[in-house]
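Trainee: need the 3D shape of this:
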Amino acid sequence: MRMDLTLQQLRLVLAVHDSGSFTTAAQRLHLAQSSLSRTVREVERKLGVALFERTTRHVVVTAAGAEFCHIARRMVDAVDAGINHFEGFLSGTRGQVRVAALPSLAAILLPPVISDHRAARPGVELSIEDGLSDEVLRRVRSGEVDLAVTVAAEPLPDLLVQPIAADRFCCVHPADHRFADRDRLAWADLADEPHVAFEPATSIRQHADRAFAAARTAPEVAMEARNISTVAGLVGAGLGVAVVPGLVLPLVGFAGLAHRALDSPVVTRRICVVRDPHRPVSAATRAFLDTIEHTRRTAVNLAPETRWT
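Mentor: Now for the predicted structure:
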């Protein structure tokens with residue numbers, strides 16, 4: 001059986017069912033009763049069954065009519081829900097935003113942004129995926145995520161890069177280390193200290209290696225680790241000192257470490273929002289970018305040696 005029924009026809013049949021009267025339904029819909037009656041008769045003709053039994057005073061739904069109205073209501077409700085969702089998608093109050101970020105940025109920089117965005121747009125689904133710098137950029141380029149929050153030390157010609165924050169590199173060490181008596185530290189001062197380094201694939205290690213080269217020094221690498229907590233634990237155990245950017249400092253506090261900002265040279269990370277300029281930006285993603293901008297303008301400093309730009 002093939003029945004080509006419109007959404008409007010379903011709505012009119014349901015109006016008669018709910019009102020129990022053609023006259024009342026027509027009045028509520030601001031339609032002529034004759035027009036409403038013709039529409040219902042056309043639906044009955046296409047279905048091949050009577051939906052209502054008409055008397056001079058009452059309209060009684062038939063068994064077939066009750067079943068049809070049950071199905072029609074599910075269909076109308078589903079369409080209304082879909083249109084409502086789509087309207088929210090167009091306005092940025094519904095939809096999905098997928099973000100890739102470096103672990104320290106996902107842990108420290110993004111939470112206040114996410115909190116603000118969730119309060120304003122609870123219907124938007126946010127997903128945060130952390131990863132190393134190369135992984136984060138790969139996900140943006142492949143379209144797996146809508147945008148990334150990462151460190152861009154070099155130009156990225158194929159991507160749109162918007163700087164939002166910066167943090168300065170520091171030396172972290174045990175609280176009773178000899179560096180605790182120093183007011184300032186230079187990169188060259190670390191030459192004679194065992195160094196707990198991040199793995200070469202990490203953006204922190206890449207920044208540190210360039211800084212040590214600029215300072216014409218190369219400390220002995222005692223141990224390497226990928227995880228921030230692991231590096232902090234090793235330093236806390238007295239196995240060496242480490243260099244970390246400011247946004248990492250809150251993540252190493254459990255190890256009881258002290259820190260000193262490094263100069264000669266002063267090295268900062270440029271923290272950016274990155275997206276593919278050739279991919280369309282949904283309203284939900286645009287709204288999330290606006291939330292980052294609002295948080296950047298109104299929030300206090302994120303961590304020691306860190307600032308919004």
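Trainee: now for the nearest residue to Pro277 once chain neighbours are set aside, how many residues are close by?
Mentor: Spatially, and ignoring its direct neighbours in sequence, Pro277 is nearest to Leu160 (4.3 Å; CB to CB, 6 or more residues apart in numbering). Using the backbone N, CA and C atoms, a C-beta is placed for each residue, glycine as well. By other CB atoms under 10 Å, the residues close to Leu160 number 16.
Trainee: pLDDT of stretch 46-56, averaged?
Mentor: Averaged across stretch 46-56, pLDDT comes to 87.
Trainee: report the buried residues of that stretch.
Mentor: Within stretch 46-56, the residues that count as buried by 16 or more other CB atoms under 10 Å are 47, 51-52.
Trainee: among those residues, which are in helices?
Mentor: The helices, defined by DSSP state H, take in Leu47 from the buried residues of stretch 46-56.
Trainee: returning to what we had before: hmm, the residue nearest to Pro277 is touching Arg279, no?
Mentor: No. With contact defined as CB atoms under 8 Å, Leu160 does not count as touching Arg279 (9.9 Å).
Trainee: phi, psi for Ser282 please.
Mentor: phi -70, psi 160 (degrees, to the nearest 10).
Trainee: same question for Thr150.
Mentor: When quoted as degrees, to the nearest 10, the phi and psi of Thr150 stand at phi -150, psi -170.
Trainee: excluding sequence neighbours, find me the nearest residue to it.
Mentor: Nearest residue to Thr150, sequence neighbours excluded (CB to CB, 6+ apart): Val136, at 4.7 Å.
Trainee: that neighbour reaches Val99, doesn't it?
Mentor: No. Using CB under 8 Å, Val136 makes no contact with Val99, being 9.5 Å away.
Trainee: intersection of neighbour lists for these two?
Mentor: By CB atoms under 8 Å, 6 or more residues apart in numbering, Val136 and Val99 have these common neighbours: Ala148.
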